[in-house]
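> Provided below are the primary sequence and the corresponding predicted coordinates.
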Amino acid sequence: MAIAIRQLHPHFVGEVTGLDLRKPLTRQEAIDVEAAMDKYAVLVFHDQDITDEQQLAFALNFGERENARGGNVTKKEDYRLSSGLNDVSNLGKDGKPLPKDHRTHLFNLGNCLWHSDSSFRPIPAKFSLLSARVVNSKGGNTEFADMRAAYDALDDETKADIEDLICEHSLMYSRGSLGFLDYSDEEKEMFKPVLQRLVRTHPVHRRKSLYLSSHAGAVRGMSMPEGRLLLRDLTEHATQPEFVYVHRWKLHDLVMWDNRQTMHRVRRYDQSQPRDMRRATVAGTEPTVAQQAAE
Ligand code: OGA
Ligand code: MN
């Protein structure tokens, strides 16, 4: 059966039917899904009751796996998942919701802020694939913003002003904005700021995107308040309802997104209830700061 796609939002997001993600993709199917990602930036698949291994195998059609190291404060021995997937649940190793004051839990609440995955890495993530294994009855929607449409809608003067700006991104900026401020020396070293362009160009279709993320906390050549105010204004612009798709999770949905042209956030939910979400992350291939300079 050939894949079929229905667009769910005026700017982006495709709902895909005709694929069983438990089975290996044919070469043509992998090409079709990647082309759909370039176009729609977010793809939604329903009724995909997959294992971690099947999820990872699907992700590896699109690049290499990104290593989770350096992206959280969870110690290796406390990992709930050993499959190579990122644990985006609110669960501990015992399978129960983490205590309200648990450090891992407090850190993970940062996913409620608008972000692009791994923008705190020198080479940030390409695709993320999130599978819903236990969903909440209330809250916990994930929202996506189309950063190409948001860029296009800027006036020409703003586009010219921001074209070559470089930002500093760090997990300490996003978490710090929520009041999570205590880090060990090892974490401080791990979370050292990295540089990212504010405007990036998609390698295939060449559309420009605003590359924003709550991890961005400074703009090169600007004072911190001036830089942060600019980032806030742009984020406010980019996350207006006209650019945002709200995903209401059903059990066994799989949603994949292109971090190069979208931002996302999870909405607050009752943290005493289990929410088991598992993410496969496809690594990016180049730093954004090298990008335009090479053209
Ligand atoms: C992620 C993320 C949001 C969610 O997986 O990268 O931000 O809905 N998750 O859990
Ligand atoms: Mn995320």
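Everything's here; your move. Numbers count the residues shown, from 1 in each chain. Ligands and ions are numbered 1, 2, ... in the order given.

> where in the stretch 151-295 of the chain is pLDDT low?
Judged by pLDDT under 70, the stretch 151-295 of the chain has its weakly predicted residues at 291-295.

> hey, what's the closest residue to ligand 1 within it bridged with?
Using C-beta to the nearest ligand atom, the single residue of the stretch 151-295 of the chain nearest to ligand 1 is Val266, 3.4 Å away. Every C-beta, even on glycine, is put in place using the N, C-alpha and C of the backbone. Going by DSSP bridges, Val266 is paired in beta bridges with Thr142.

> how many neighbours does it have?
21 (other C-beta atoms under 10 Å).

> wait, isn't it in contact with Thr142?
Yes. Assessed by C-beta atoms under 8 Å, Val266 is found in contact with Thr142 at 5.1 Å.

> so what's the residue lying closest to Ser89 once chain neighbours are set aside up against?
With sequence-adjacent residues excluded and distances taken as C-beta to C-beta, 6 or more residues apart in numbering, Ser89 is closest to Asp276, at 4.4 Å. Residues in contact with Asp276, defined by C-beta atoms under 8 Å, 6 or more residues apart in numbering, are 89, 91, 132-134.

> what's in contact with the one helix or strand Thr158 maps to?
Taking DSSP states H and E as the definition, Thr158 sits inside helix 156-162. Under the contact criterion C-beta under 8 Å, 6+ apart, helix 156-162 has outside partners 151, 154, 198-199, 230, 234.

> Check stretch 203-216 too.
38-39, 110, 113-116, 119-120, 147-148, 150-152, 154, 167-171, 173-174, 177, 196-202, 231, 234-235, 238, 260-261, 263, 288.

> Between the two ends of stretch 219-227, how far is it?
Distance across stretch 219-227, first residue to last, is 5 Å (C-alpha to C-alpha, to the nearest Å).

> Also stretch 158-171?
Termini of stretch 158-171 sit 27 Å apart (C-alpha to C-alpha).
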